[in-house]
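Chemist: predicted model and sequence below, questions to follow.
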Amino acid sequence: MVGMAATLAGLIRGRDVIQDAQALATVAAAQLDVSPLAFNNVVGVLEDAGFVAGVQHKGSKIVSFTETVPFYDNLYERLGTVWNDRQPSILEQQMLTVVEALAAKPIPKEELEDRLSLDHSDVPRLLEIGEGSGLVQVVRTIDGDLAYSPFFGFENPELFGDLVRDHGPEKLAVEFEALRSEQGLPIGNDQFPFLTDAVARGLVMAPAVRRPNGKMQPFAALPYSADQSLLVARKPVVDKALAVLACLRCAQHYGGYNSLTPEGLVSVIDKLLDRNRGFLKPHSAHRRQYELMVRAGLIYFADDTLPGGTWVVPTFVDSVDNREALTLARDLITHGEAIRNRVDDSEARSALDVPGSYVAPLQTMHRSRELAMPSSSHFEKVFEVAMGRAEK
């Protein structure tokens, strides 16, 4: 419950007033896996922490409230206090210990109990919960099973990418090099089987967008250029940046616009970040084209500025988080690509003409786990070096 409150806080931070809480509940369920049945209780946790106020109800439903979510360091510290005040069980406390330790580096499965001072009788249940939720993964090697958390790769993308480049087999290294050249690389078992496997194992971030044909398309990313604090204490900023990246890459590769270029992708971001502008001119297709960015809390639809107009104006929600998220998305797109010219609104509009839904990296990992995976052997040396068992 507290975890869902933290993710919801990241979504609403900087929004000030939530005028349609039921619409927020729908988005939170789709993008953050916040159960609709838990939504009222999640908002209650934020209210207890002092992060929301003025909660208005209509019957049993929350209809609106205001937010005062602080910077993330304070956010997690205060929610941590709320979590402690709820008197978590020994099992819950041990689960947190396991995930935190495995986020730092992999640990042989048989050594978890002694290294982390876990209760012997709880270890099977901890692994069951961890693997079931995707917070703990196991890779089988010739020397035994190794446990790790997806946060190991998510919080250390540069380290993991370098380990693969220097110690992984050639095929894996080649695919990672392709990813370094195009952040937000569309992947699949047919063209990038090892990257697809890495995503399913929770080693590489990959937000996904549902394409017009109904297929959920993952877009792999190694945001090693990001500030380390973004990857750990301020993950919601990275999540927003990856949402933008996935939507733009989806339009580039699957939107049907043959002339769409990286310039067009960056133009959308530049126009929104422009402090003298921060919006796109009204157009009949905007409500459909920019729905995904609205859901991510990056823009809102302002009223049409033309006399008698009935269209909407995509307008940037200018907050520190959103500005940093868009800047990071732009940096990831421009990495390794020559961005020379600005383009007009017509191409900027086409860049986000992607209907459908978006899912975050952890959701993509969870929904990809049933894919047939190559042998674990191509990760063995990488994990051995990560644990300090082999020479670098």
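Modeler: Received it, and whenever you're ready, just let me know what you need.
Chemist: which phi and psi does residue 205 have?
Modeler: phi -70, psi 140 (degrees, to the nearest 10).
Chemist: which residue is the nearest non-sequential neighbour of it?
Modeler: residue 361 (4.3 Å; CB to CB, 6 or more residues apart in numbering). C-beta coordinates here come from the backbone N, C-alpha and C atoms, glycine included.
Chemist: list phi and psi for the one you found.
Modeler: Main-chain dihedrals, residue 361, degrees, to the nearest 10: phi -50, psi -40.
Chemist: over to residue 315?
Modeler: The phi/psi pair for residue 315 (degrees, to the nearest 10) is phi -120, psi 130.
Chemist: the stretch 201-350 of the chain: helices as residue ranges?
Modeler: With DSSP state H, counting those that start in this stretch as the criterion, the stretch 201-350 of the chain has helices at 228-232, 235-254, 262-273, 286-289, 291-295, 320-334, 345-350.
Chemist: quick one: low-confidence parts of the stretch 201-350 of the chain?
Modeler: Across the stretch 201-350 of the chain, the ranges flagged by pLDDT under 70 are 212, 225-226, 255-262, 284-292, 336-350.
Chemist: give the contact list for the residue nearest to residue 205.
Modeler: Residue 361 is in contact with 150, 154, 205-207, 239, 242, counting by CB atoms under 8 Å, 6 or more residues apart in numbering.
Chemist: then residue 83?
Modeler: Contact analysis of residue 83 by CB under 8 Å, 6+ apart lists residue 2.
Chemist: quick check: buried residues in the helix or strand where residue 180 lies?
Modeler: Using DSSP states H and E, residue 180 sits within helix 170-181. Of the residues in helix 170-181, 172-173, 175-176, 179 count as buried by neighbour count, 16 or more other CB atoms under 10 Å.
Chemist: now the strands for the chain?
Modeler: In the chain, the strands defined using DSSP state E lie at 17-18, 52-58, 61-67, 107-108, 137-141, 144-148, 185-186, 208-210, 216-220, 299-303, 312-316, 358-359.
Chemist: please tell me how far the closest residue to residue 363 other than its chain neighbours sits from residue 303.
Modeler: Distances taken as CB to CB, 6+ apart put residue 33 closest to residue 363, at 6.4 Å, once the chain neighbours are dropped. From residue 33 across to residue 303, the span is 33 Å (CB to CB, to the nearest Å).
Chemist: cool, and residue 329?
Modeler: Separation of residue 329 from residue 303 (CB to CB): 27 Å.
Chemist: nearest residue to the most centrally placed residue in the chain in space, ignoring adjacent ones along the chain?
Modeler: Residue closest to the mean C-alpha point of the chain, counted by CA atoms, centre = their mean, is residue 239 at 3.4 Å. Spatially, and ignoring its direct neighbours in sequence, residue 239 is nearest to residue 360 (5.6 Å; CB to CB, 6+ apart).
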